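J.: below are the sequence and a predicted model for it; my questions follow.
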Amino acid sequence: MQLRPEQLAAHLDKPLAPLYLLHGDEPLLVIEAADAIRAAARKQGFEEREVIIVGTSFKWDELFLAAGNMSLFGGSKLVDLRIPSGKPGREGSEALQRYIGTLGPGIVTLITLPELDWQAKKAAWVTALSNAGVSIECNAPPPARLPQWIAERMARQQQSAPRAALEFIAAHVEGNLLAAHQEIQKLGLLYPPGEVALAQIEAAVMNVARYDVSDLRDALKARDTVRAARTLEGLKAEDAAPPLVLWALATEARASASNFKVAALLHAAKIDRMIKGLARGDIWNEFLQLALRLTQPRTR
């Protein structure tokens, strides 16, 4: 069974499934989902928890032994299996599929993975685990939905904010959901329940944005001029390597319309000469000008 992260709380009010599979690109949501499952397990009488971390020298027999050993307290048990690499290998894949056949009363298994690519999601072992229990993909909300995500988090602590304030927070924590969570918690400590004004949020929220070239490429593909400019500003502040930034811009230039590509690539070549010290100029200003060129509306 597939669940969205926001559906998990209602699900955990019922008797637990024998197996839970957590994966996704947002560590905060994975951690929160895992914590909620562990808390529900304790509440439902799973008194013992055994944590198993799959490393380079891991023996898969350990998983079967953990599930086979009864709780030291004579109660039920949670087997907490973590695969940091997301790649159990051939032996692990086969072991996980065999493990499903051992599931029974008294044991709940929680398996935590990082983000899985499309190929891994179709792997036989992932499909088998998903079919045997509950699978939850914990991905960060897209930028357009981030203000609403922040509003929902604030509502949990009986607070609200105008749209402009939500967008302000989103702009200052872009790419860092854990930072957004911390800033929201800070608002709960600083201000009482009710609406928090934009001025109050501006005074409280720090600029904790984290940027990388993938953010820039996303903004260019979406032709989001404001986001592209903000991302370049963040990359500059974080001393990003100019050749890497140029690679992202040049890649999008090559993918642009044929009647637009030549001008953009010539601009990228000019910046390349500047990076190599063969021409003078402000490299970051040129990055911005090229980004503006790449995000402008296309005309036929």
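T.: That came through fine. Numbering: from 1, shown residues only.
J.: quick one: contacts of the helix or strand hosting residue 200?
T.: Element membership of residue 200 [criterion: DSSP states H and E] is helix 198-204. With Cβ atoms under 8 Å, 6 or more residues apart in numbering as the test, helix 198-204 has contacts from 161-162, 164-165, 168-169, 183, 186-187, 190-191. Every residue, glycine included, has its C-beta placed from N, CA and C.
J.: quick one: the helices in the stretch 151-300 of the chain?
T.: Taking DSSP state H, counting those that start in this stretch to define them, one finds helices in the stretch 151-300 of the chain at 163-172, 177-190, 198-204, 213-221, 225-237, 242-254, 258-275, 283-295.
J.: need those in TSV (columns: mean pLDDT and mean neighbour count).
T.: Putting these into TSV (pLDDT from 0 to 100; neighbours: other Cβ atoms under 10 Å) gives the following:
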stretch	mean pLDDT	mean neighbour count
helix 163-172	89	18
helix 177-190	90	17
helix 198-204	88	14
helix 213-221	87	19
helix 225-237	88	19
helix 242-254	87	18
helix 258-275	86	15
helix 283-295	92	18
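J.: nearest to residue 37, out of those helices?
T.: helix 177-190 (18.5 Å; Cβ to Cβ).
J.: what's next to the closest one, contact-wise?
T.: 26-29, 140, 146, 149-150, 153-154, 157, 159, 169-170, 172-173, 196, 200-201, 204-206, 208-210.
J.: make it 7 Å
T.: 26-28, 140, 150, 153-154, 157, 159, 169, 173, 196, 201, 204-205, 208 (Cβ atoms under 7 Å, 6 or more residues apart in numbering).
J.: and the helix or strand harbouring residue 81, which strands flank it?
T.: Using DSSP H and E, residue 81 falls within strand 76-82. Using DSSP bridges, strand 76-82 pairs in its sheet with strand 46-53 (parallel), strand 107-112 (parallel).
J.: how about that strand: buried residues?
T.: Within strand 76-82, the residues that count as buried by 16 or more other Cβ atoms under 10 Å are 76-82.
J.: show me what contacts the residue lying closest to residue 227 once chain neighbours are set aside?
T.: Leaving aside its sequence neighbours, residue 227 sits nearest to residue 219 (Cβ to Cβ, 6 or more residues apart in numbering; 4.1 Å). Taking Cβ under 7 Å, 6+ apart, we find residue 219 in contact with 227-228, 231.
J.: would you mind giving those as CSV with distance to residue 11 added?
T.: What follows is the contacts of residue 219, written out as CSV (distance: Cβ to Cβ, whole Å):
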residue, distance to residue 11
227, 35
228, 39
231, 37
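J.: related to what we said a few turns ago, do you know which of the strands paired with strand 76-82 lies nearest residue 15?
T.: It's strand 107-112; of those, that one is closest to residue 15 (Cβ to Cβ) at 10.0 Å.
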